[in-house]
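Participant: No letters, just coordinates:
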């Protein structure tokens, strides 16, 4: 698993993917996003040579782009296990310390496994509003999640919208 971070600039993705492929690397699952003025990448990479060789390839690509790289060997061979989310939840509240924990802890306790989470502060017209958008899988049914979301609104002022995206989940 390769993670990278650096100031956003044109062609990061193109130069990274081309450099890795030209050096015999197979690219797997990835997540790439701009956060503030930074660009972050998490990417599964397969390479038949050893870790030292891969680190050398990564350095030759990342140094000119001024990207900080971190490489973590994965222990299992089944690294390409794709998991589809069951629900999409959007949360809205007044920005304050601890809001992500206030929302994610009870959702996890209600059986939500978060696969993807994005959060941001509203723009100038929505100053002070904090948004959390997440997708996950459900293990205890939708009723448990709806109950937690109602409680979050009453006790923490966190408004929500839950959208089931897997028709088999009830």
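Facilitator: All right, it came through fine. Predicted model, so just to flag it, every value in this text is computed and none were measured.

Participant: Just give me the residue closest to the centre of the protein.
Facilitator: Geometric centre of the chain, nearest residue: residue 116, 4.6 Å, by C-alpha atoms, centre = their mean.

Participant: now the spatially most distant residue from the centre of the chain, nearest residue through space, not along the chain?
Facilitator: Residue farthest from the centre of the chain, counting by C-alpha atoms, centre = their mean, is residue 49 at 28.5 Å. The spatial neighbour of residue 49 that comes closest, neighbours along the chain excluded (C-beta to C-beta, 6 or more residues apart in numbering), is residue 24 at 7.6 Å. Just so you know, the C-beta spots here come from the backbone N, C-alpha and C atoms, and that holds for glycine as well.

Participant: Can you report how many residues lie near that neighbour?
Facilitator: 13 (other C-beta atoms under 10 Å).

Participant: if I pick it, what's in contact with it?
Facilitator: Remark: with contacts taken as C-beta atoms under 8 Å, 6 or more residues apart in numbering, residue 24 is in contact with 47, 48, 49.

Participant: quick one: the second one is in a strand?
Facilitator: No. According to DSSP: H, G, I helix; E, B strand; the rest coil, residue 48 belongs to no strand; its state is coil.

Participant: Give me the nearest residue to it, chain neighbours excluded.
Facilitator: Using C-beta to C-beta, 6+ apart, the nearest residue to residue 48 is residue 24, at 6.8 Å.
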